[in-house]
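Trainee: Structure of the sequence below:
(chains A and B)
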Amino acid sequence: QSALTQPASVSGSPGQSITISCTGTSSDVGGYNFVSWYQQHPGKTPKLLIYDVSYRPSGVSNRFSGSKSGNTASLTVSGVQAEDEADYYCSSYASSGTWVFGGGTNLAVL
Amino acid sequence: QVQLQQSGPGLVKPSQTLSLTCAISGDSVSRNGAAWHWIRQSPSRGLEWLGRTYYRSKWYNEYGVSVKSRVRINPDTSKNQFSLQLSSVTPEDTAVYYCSRALGGSGLGDWGQGTLVTVSS
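Mentor: Sure, this is the predicted structure:
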């Protein structure tokens, strides 16, 4: 299966809101409510931000939220902070019991 | 709190088999509701899901399409760990390899420390 499509980069000033899109197909994003989002700082392991489209694990800031419409999932970061500068990846369950990741989006805080 | 500790060689020769182990503490590899994944990351391929193993009254394994013919993920209940074997490796398999746990839904909430594996002669 193909990787999910994310923009290579997004940017925002502190306090602004930004949204990262993750586009798949009806065989992955559009077909299941099993989309998750990860944050990765350089040299670190990925950190789970959102699971099952819109649920936040305990301890994750409520500035992070997830949603889905059709074959596109979205991650919104409200009130962007300098510490949010990182790479963000989406992932989705796909058919036949497999999982697929997006190519990643670099968030730059201006 | 679960901890995942990875071990295995950092250098593998082309055509050989890459083998990594992920030791689990704070949970059981055979717990219903948990799934145990392997993922890799390289600059050229980004994050790539390799496969998972999980127990739901019996063991299940599922593998990524790109590696399906070469990969095996095996649980070891006696040592409470699971392993990754990737055969016939090439330099394209050079990556940081991670083990991870998913509870219930889609999120990989716990990760091993990552192992850089270089395929080179």
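
Trainee: Figure out the length between the terminal residues of stretch B:51-65.
Mentor: One end of stretch B:51-65 sits 9 Å from the other (C-alpha to C-alpha, to the nearest Å).

Trainee: Could you measure from B:Val71 over to B:Ala23?
Mentor: Separation of B:Val71 from B:Ala23 (C-beta to C-beta, to the nearest Å): 20 Å. For every residue, glycine as well, the C-beta is placed using N, CA and C.

Trainee: Point out the residues in chain A that sit beside chain B.
Mentor: Residues of chain A that fall close to chain B, judged by C-beta under 8 Å from any C-beta of the partner chain: A:1, A:3, A:34-36, A:38, A:45-46, A:48, A:50-52, A:55, A:57, A:89, A:91-93, A:96-104.

Trainee: What ranges does chain A have for its strands?
Mentor: A:9-12, A:18-23, A:35-40, A:47-50, A:64-69, A:72-77, A:86-93, A:99-101, A:105-109 (DSSP state E).

Trainee: err, chain B, not the other one
Mentor: Ranges of strands within chain B are B:3-7, B:11-12, B:18-25, B:34-42, B:46-55, B:59-63, B:71-76, B:81-86, B:95-103, B:108-111, B:115-119, based on DSSP E.

Trainee: Out of those strands, which is closest to A:Thr25?
Mentor: Judged by C-beta to C-beta, the one of the strands of chain B that comes nearest to A:Thr25 is strand B:46-55, at 16.1 Å.

Trainee: who's in contact with residue 19?
Mentor: As the question left the chain open, I've gone with chain A. A:Thr19 sits next to A:10, A:74-77 when contact means C-beta atoms under 8 Å, 6 or more residues apart in numbering or on different chains.

Trainee: switch to chain B, that's the one I care about
Mentor: Residues in contact with B:Ser19 (C-beta under 8 Å, 6+ apart) are B:8-9, B:83-85.

Trainee: same check, this time on A:Ile50
Mentor: A:Ile50 neighbours (C-beta under 8 Å, 6+ apart): A:35-37, A:56, A:60, A:64-66, A:75, B:107.

Trainee: Which single residue of chain A ends up nearest chain B?
Mentor: Residue of chain A nearest chain B, by C-beta to the nearest C-beta: A:Tyr51 (2.9 Å).

Trainee: give me the number of residues near the spatially closest residue to that residue that is not a sequence neighbour?
Mentor: Once flanking residues are discounted, A:Tyr51 sits nearest to B:Gly107: 2.9 Å by C-beta to C-beta, 6 or more residues apart in numbering or on different chains. Counted by other C-beta atoms under 10 Å in any protein chain shown, the residues lying close to B:Gly107 total 24.
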